[in-house]
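Trainee: need a 3D model of the following:
(one chain, ligands or ions: 1)
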Amino acid sequence: MRHPTGIQYHLHSNPYESRQRLMANRQSLIKATIARLKQALTHLPHEEVGPFSITLSTPELQLHHLPHLDNNWFYWGEPSHRHYRLGLGEALRLSSIGPLRLQQLSDQFERVRSNWIQIDPDCTGLQASAFTGFAFDPEDPMLQSWEGLPNAAIFLPELLLHQTAEMCAITFSFAHKDLTRATLRSQHLLQKLIDALGANPDPNPVPTRFSRTATTPSDDEWITQVNKATHSIREGTMDKVVPFRRISVQASQPFNPARLMASLDDLHPSSILFSIRVDGSTFAAATPEHLLSRQGHLISCDAIGGTIKRSPNPVDDTNLGKTLINDPKSRHEHALVVKGILGSLKKHCCKLTSPTGPSLKRLRNLQHLWTGIKGELWEDTTLLRVADDLHPTAAVSGFPSANAQRWLDDHKNTTRGWYTGAAGWIDIQGDGELAVLLRCALLNGEHAELFAGAGVTSESCPIAELQETELKFGTMLEALEHA
Ligand SMILES: C=C(O[C@@H]1C=C(C(=O)O)C=C[C@H]1O)C(=O)O
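Mentor: All right, here's what the predicted structure looks like:
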């Protein structure tokens, strides 16, 4: 295959072979890439303030999993689209907290975007991009196990490895004009990246053993809480609320985030995978739900609400799906999510479309009611401003949102950190994707905390909602066995 720059390359289908080849050629690859970077840097416009991003096609590299890294990382994967992004280093961090956090972040990012220069000498067409994420609660001070993760932030990585189904490219970014420093830093990160990609994955034939050490609220407390919620709903306080539970697990050896993401990739190829490590906090998620995707003036959102288990028996599995789709309680719970999202999008969109009824979204261990919502944006808005109005959706907080939030605060069902917040990427054009952070875990050595919630309406059965949270914990618990 011949690349536009004239570089000859081969796509290796055998990962072992491609790793071997990478390690054998790594010094020459680093040298050649840095030479191309230096060459591209000579084209930087002198008068601009930056940030600056240089994108180089790197067909010799392939990204299918989070590699084993000892420094900070940002990772986004959509296995079913063979689409992955890995960020290392921070060229720039924008952060904010408080009720105006997303508007402030949006304004800061728009200022950055207006000065951001990207050079793409290989004509990859891949846009320079940053990672972003935010906690559920705008006021969450991010204490205890969440310490290190900011409440809301945008991170422009110094090195972004971007793999699509067709190509792989590296974008080097920096927020200053010290070209020597930029080159040295790029070389250092490239070396780290190639060493990580080229390393053979740790063999882990034995499942990781761990035990559950704490559950908050306990089963009994949860049942009381759900009963109180259905009572409040029947009294007319709100239509729906989504309380959550947290479990702690303890293993005999540290969990390995790279192995965790690889097993999530194998077990949940249709989910969105996200992981971040900053300042000692490691967070990972495999979520089925987009909060928002934006491409130009087109946006889309997932409305998800209504959950049932799966069965290994195909007939039973189909029947479970039918039960869910015909269940008035689940349909009602789902309809509130759709209504809430349409209500939030109205002011941003000149056109909104959604199917008249939900379909089934089948995941490995559970199935959901799902409605895809599409819209066309008015011109003067941004991904983060739309996200600000969407978040929190009735899928993760309740309906109406303010009443549900008050109920959760009153019942101390708070301190969620990034669980049920959102994270993703945002590019130089203002396009991006944000995923709702569900089916997730905070990793800390041999300790992990997992989070799961369930939508409660007037007809909810507390035991069924308890079982639903257990099903949802199952996503991470199963993957942690291979971590
Ligand atoms: C709150 C969670 O999931 C949300 C709630 C759902 C429900 O109540 O049926 C389904 C999907 C998610 O929107 C979670 O996974 O923790």
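Trainee: going forward, measure contacts between C-alpha atoms and count neighbours the same way
Mentor: OK.
Trainee: ranges for the helices of the protein?
Mentor: 15-24, 26-41, 101-115, 179-198, 219-235, 257-267, 314-326, 328-345, 383-390, 401-410, 462-480 (DSSP state H).
Trainee: nearest to Leu352, of these?
Mentor: With C-alpha to C-alpha, the closest approach to Leu352 among the helices of the chain belongs to helix 328-345: 7.7 Å.
Trainee: centre of the chain to that closest one, how far?
Mentor: Its chain's C-alpha centre and that of helix 328-345 lie 23 Å apart, by C-alpha atoms, centre = their mean, to the nearest Å.
Trainee: and that helix, what other elements does it pack with?
Mentor: Other elements packing on helix 328-345 under the criterion 3 or more C-alpha pairs under 8 Å, 6 or more residues apart in numbering; DSSP states H and E are strand 298-309, strand 366-377, helix 383-390, strand 398-399.
Trainee: who's in contact with the shortest one?
Mentor: By that I understand strand 398-399. For strand 398-399, the surrounding residues in contact (C-alpha atoms under 8 Å, 6 or more residues apart in numbering) are Met238, Asp239, Lys240, Val241, Val242, Leu336, Val337, Gly340, Ala404, Gln405, Gly455.
Trainee: out of the residues you listed, which is most surrounded?
Mentor: Val241 (32 neighbours; other C-alpha atoms under 10 Å).
Trainee: so for the residue nearest to it when sequence neighbours are not counted, what's the pLDDT?
Mentor: Distances taken as C-alpha to C-alpha, 6 or more residues apart in numbering place Gly398 nearest to Val241, at 3.9 Å, with adjacent residues excluded. We note a pLDDT of 98 for Gly398 in this prediction.
Trainee: now narrow the contacts of strand 398-399 to whatever sits close to the ligand.
Mentor: Gly455 (C-alpha under 6 Å from any ligand atom).
Trainee: confidence score at the residue of the stretch 51-200 of the chain found nearest the ligand?
Mentor: Nearest residue of the stretch 51-200 of the chain to the ligand: Phe136, at 11.4 Å (C-alpha to the nearest ligand atom). For Phe136, the model assigns a pLDDT of 97.
Trainee: and what of Thr5?
Mentor: For Thr5, pLDDT reads 39.
Trainee: so which residues make contact with stretch 414-424?
Mentor: 76, 131-137, 140, 142, 146, 151, 274, 291, 391-392, 396, 408, 432-438, 440, 451.
Trainee: buried ones among those?
Mentor: 76, 131-137, 140, 142, 146, 151, 274, 291, 391-392, 396, 408, 432-438, 440, 451 (16 or more other C-alpha atoms under 10 Å).
Trainee: next step: those restricted to strands.
Mentor: Here DSSP state E is the test, and the buried ones among the contacts of stretch 414-424 give 76, 131-134, 274, 291, 432-436, 440, 451 as lying in strands.
Trainee: save those as CSV, and put in distance to the ligand too.
Mentor: Conversion of these to CSV gives the following (distance: C-alpha to the nearest ligand atom, whole Å):
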residue, distance to the ligand
Trp76, 18
Phe131, 22
Thr132, 20
Gly133, 17
Phe134, 16
Phe274, 15
Leu291, 10
Gly432, 20
Glu433, 17
Leu434, 14
Ala435, 11
Val436, 8
Cys440, 8
Phe451, 6
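Trainee: which two of the residues you listed have the greatest separation?
Mentor: Going by C-alpha to C-alpha, the pair spanning these furthest: Gly432 and Phe451, at 25.5 Å.
Trainee: next up, the contacts around the spatially closest residue to Pro288 that is not a sequence neighbour.
Mentor: In space, and not counting its chain neighbours, Pro288 is closest to Ser271: 4.7 Å by C-alpha to C-alpha, 6+ apart. For Ser271, the contact set (C-alpha under 8 Å, 6+ apart) comprises Glu78, Pro79, Ser80, Ala286, Thr287, Pro288, Glu289.
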